[in-house]
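S.K.: Make a model of this:
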Amino acid sequence: MKIAFVLPLFSILFLTACAKNIVTAIPENDEWIVVSTFAGWGRWDIYGVNTKDPQNIVPDMAYVGANPDWSPDGQWVVYSTSYKASHETSEIYIVKNDGTHSVRLAKGDKPVWSPTGNQIAYTFRNEIHLLDANCLIDGRSCDPEPSIMTTGQNPDWSSDGRRVVFELREAIYVMNSDGTEMDEVSIAQNGGCREPDWSPTSEKILFWCWGDNEGLYIVNSDGTDMTKFEIGDMGGVSPKWSPSGDKIAFIQYLSINSVEGAHSAVYVMNADGSNITRLTFGESERIFGFSWMPPHMKPETCTAFCQ
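M.R.: As a prediction, this is how the structure comes out:
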């Protein structure tokens with residue numbers, strides 16, 4: 001809910017100028033979000049925002065596309081070329097964080113790495129597909145074939161990789177990664193719920209609902225104790241946990257003619273719903289996804305942040 005468009009909780013080094021390979025220290029308590037904004041005609045503007053200092057922005061992340069997700073070791077990025085899961089032209093790509101070894105994987109959207117880093121789940125035509133990425137990560141020449149995990153959209157893995165949460169028929173479900181024991185964890189009346197995101201400990205699940213139950217929600221992974229965040233009339237979609245589990249970020253539509261023409265912004269708050277802070281301030285910006293950067297990257301050579 002698993003916007004998605006960031007460097008570590010970071011004892012990290014960051015290149016501020018690729019040509020000269022200048023290295024600057026990143027404060028350990030910094031967290032970054034990568035924001036994907038729609039620039040029209042299949043083009044995306046991708047940039048990084050420091051959640052502690054929203055004025056600290058890394059522009060033009062040339063190697064990252066829409067809905068990016070980093071591998072657990074931070075060495076690879078998987079992304080799609082469209083924000084619509086059912087879009088026939090949307091494709092999934094994998095690329096090294098230095099921009100090399102870019103490989104097209106399949107048609108689809110909203111890709112997510114497994115916690116082991118050897119599988120990628122994504123959505124295509126209202127189905128969740130699973131792809132083994134081992135040969136790509138190992139640098140072998142291969143053309144991996146995806147398999148269908150289940151009907152549904154927007155998957156996210158539990159921290160141990162044993163379960164998957166996803167949306168199906170406007171509700172949120174959890175099942176074992178082998179397709180067994182599927183259970184609904186949301187209750188939607190005269191509306192629906194979308195884009196689930198599992199907490200780093202796998203104890204809680206975030207999602208948003210529309211209709212009579214409009215708002216951001218949190219629920220135990222067994223479906224008990226579903227609670228709505230009391231964040232006033234802000235609304236909000238696509239909530240995502242920070243890697244530490246201490247923060248939650250989400251998108252708010254500021255003005256809407258249609259979703260594709262919506263002026264939107266990314267906000268961040270504490271995990272209890274307090275201290276809501278706006279992170280993005282682009283004029284008439286159309287945000288369709290974001291992701292938290294992993295807290296353990298060490299870009300000692302040119303990275304995806306380089307222009």
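
S.K.: Can you show me the strands along the stretch 151-300 of the chain?
M.R.: Remark: strands assigned in the stretch 151-300 of the chain by DSSP state E, counting those that start in this stretch are 153-157, 163-168, 171-176, 183-184, 191-198, 204-211, 215-220, 227-228, 237-241, 247-255, 263-270, 277-278, 287-292.

S.K.: Go through those strands and name the closest to L136.
M.R.: L136 lies closest to strand 153-157 among the strands of the stretch 151-300 of the chain, at 18.3 Å (CB to CB). C-beta: built from backbone N, CA, C; applies to glycine.

S.K.: V64 is nearest to which of the strands of the stretch 151-300 of the chain?
M.R.: Here strand 287-292 is closest among these (CB to CB), at 9.1 Å.

S.K.: What helices and strands are in contact with that closest one?
M.R.: The contact analysis (3 or more CB pairs under 8 Å, 6 or more residues apart in numbering; DSSP states H and E) places strand 287-292 against strand 32-40, strand 66-70, strand 237-241, strand 247-255, strand 263-270.

S.K.: Can you list the strands that the third one pairs with?
M.R.: For strand 237-241, sheet partners with direction are given as strand 247-255 (antiparallel), following DSSP bridges.

S.K.: would you list the strands of the stretch 151-300 of the chain in a markdown table and tack on mean pLDDT, mean neighbour count and distance to R125?
M.R.: Below are these laid out as a markdown table (pLDDT from 0 to 100; neighbours: other CB atoms under 10 Å; distance: least, CB to CB, whole Å):
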| stretch | mean pLDDT | mean neighbour count | distance to R125 |
| --- | --- | --- | --- |
| strand 153-157 | 92 | 24 | 10 |
| strand 163-168 | 92 | 23 | 14 |
| strand 171-176 | 92 | 21 | 18 |
| strand 183-184 | 90 | 14 | 22 |
| strand 191-198 | 90 | 22 | 17 |
| strand 204-211 | 90 | 22 | 22 |
| strand 215-220 | 91 | 20 | 27 |
| strand 227-228 | 89 | 12 | 32 |
| strand 237-241 | 92 | 24 | 21 |
| strand 247-255 | 87 | 21 | 24 |
| strand 263-270 | 89 | 20 | 26 |
| strand 277-278 | 90 | 13 | 35 |
| strand 287-292 | 84 | 25 | 19 |
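
S.K.: Generate CSV for the ones you listed, with distance to Q55 as supplementary columns.
M.R.: Formatted as CSV, the strands of the stretch 151-300 of the chain follow (distance: least, CB to CB, whole Å):
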stretch, distance to Q55
strand 153-157, 30
strand 163-168, 34
strand 171-176, 35
strand 183-184, 42
strand 191-198, 27
strand 204-211, 27
strand 215-220, 26
strand 227-228, 32
strand 237-241, 22
strand 247-255, 17
strand 263-270, 14
strand 277-278, 12
strand 287-292, 17
